[in-house]
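K.L.:
sequence first, then the predicted structure, then my questions.
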Amino acid sequence: MSKYSRTFKIALAQQCLDGVSSPRALGKQLSIPYSQIRYWSKVYSFNGEESFLPPKFPRTAKNKADILKRMWSENWSLTYTSAFYNLPSPGTLSVWLREFDESGLQGLQPKQRGRPSMKKQSQESNDKSIDEMTLEELRDELEYRRTEVAVLKKLEALDEMKRQQAKKKRQSPKD
C-alpha cells in the first residue's frame, strides 16, 4: 500500500505538467520531496491514465530482463526507465539490477511472498485408530494431548494478563 493515493499523485502530476505549479513549490507546500513529485509527473506523462496502476500480471524474470536490456541499450537512467515502465519507484529497478548482478536471470525470478505455511505435524497416532493402538501408544498420545492443553492454557493466561496490564495502563492517570 502506498503512502499517497493514485488520484493524489495524478492531480499533482497534472498540476506540474500543466504549468500550474512547479514540483519544487508543490513539494515545499505539501512537505513531499520535489524529486518524488517530479517522478510522478514523468510517470504520468508516459503512461497517462494508466499511471500508478499495478501491473495486470506479475512481472516474470524475462519481463524484468527485457526492461533492463532496454535501459542499457537506450542508455536510459533508472528514473527514466522506471517512469517509462510505470514502476512504483526507481528503487524497484535498483533491486532488479542488484539481483541480476548477483544471480543473473535466476535472481529476477519472482520470490515467494508472505509468511510460509505451517508444516503439518506427522504423528503415528494419526495413522492408527484408537482400537489399533497399543496401551503404550495410547498413554503417549494422552500425555501429548495433556501437554498440549496445558501449553494452550498457559498462553491464554499470558494473553489475559497482558490485556489486564494494558487496561490498567489506560486507566492510570497521566502525570
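P.N.:
Done, it's in.
K.L.:
export the host helix or strand of Phe46 to PDB, keeping only CA atoms.
P.N.:
With elements delineated by DSSP states H and E, Phe46 resides in helix 34-47, which encompasses its position. The C-alpha coordinates for helix 34-47 follow below in PDB (Å, rounded to 0.1, in the frame of the first residue of the first chain):
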ATOM      1  CA  TYR A  34      10.100  17.500  -5.000                       C
ATOM      2  CA  SER A  35      12.100  14.700  -6.700                       C
ATOM      3  CA  GLN A  36       9.100  12.400  -5.800                       C
ATOM      4  CA  ILE A  37       6.600  14.800  -7.400                       C
ATOM      5  CA  ARG A  38       8.900  15.200 -10.500                       C
ATOM      6  CA  TYR A  39       9.000  11.300 -10.800                       C
ATOM      7  CA  TRP A  40       5.200  11.200 -10.600                       C
ATOM      8  CA  SER A  41       5.000  13.800 -13.300                       C
ATOM      9  CA  LYS A  42       7.300  11.700 -15.500                       C
ATOM     10  CA  VAL A  43       5.200   8.500 -14.900                       C
ATOM     11  CA  TYR A  44       2.000  10.400 -15.700                       C
ATOM     12  CA  SER A  45       3.500  12.000 -18.900                       C
ATOM     13  CA  PHE A  46       4.500   8.500 -20.200                       C
ATOM     14  CA  ASN A  47       1.500   6.400 -19.000                       C
END
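K.L.:
list the buried ones in it?
P.N.:
Of the residues in helix 34-47, 34, 36-44 count as buried by neighbour count, 16 or more other CB atoms under 10 Å. (C-beta placed from N, C-alpha, C; glycine too.)
K.L.:
check stretch 24-32 too.
P.N.:
Along stretch 24-32, these residues count as buried under the neighbour rule (16+ other CB under 10 Å): 26-27, 32.
K.L.:
what mean pLDDT does that stretch have?
P.N.:
Taken as a whole, stretch 24-32 carries a mean pLDDT of 91.
K.L.:
can you pull out the low-pLDDT segments for the chain?
P.N.:
Across the chain, the ranges flagged by pLDDT under 70 are 1-2, 121-127, 173-175.
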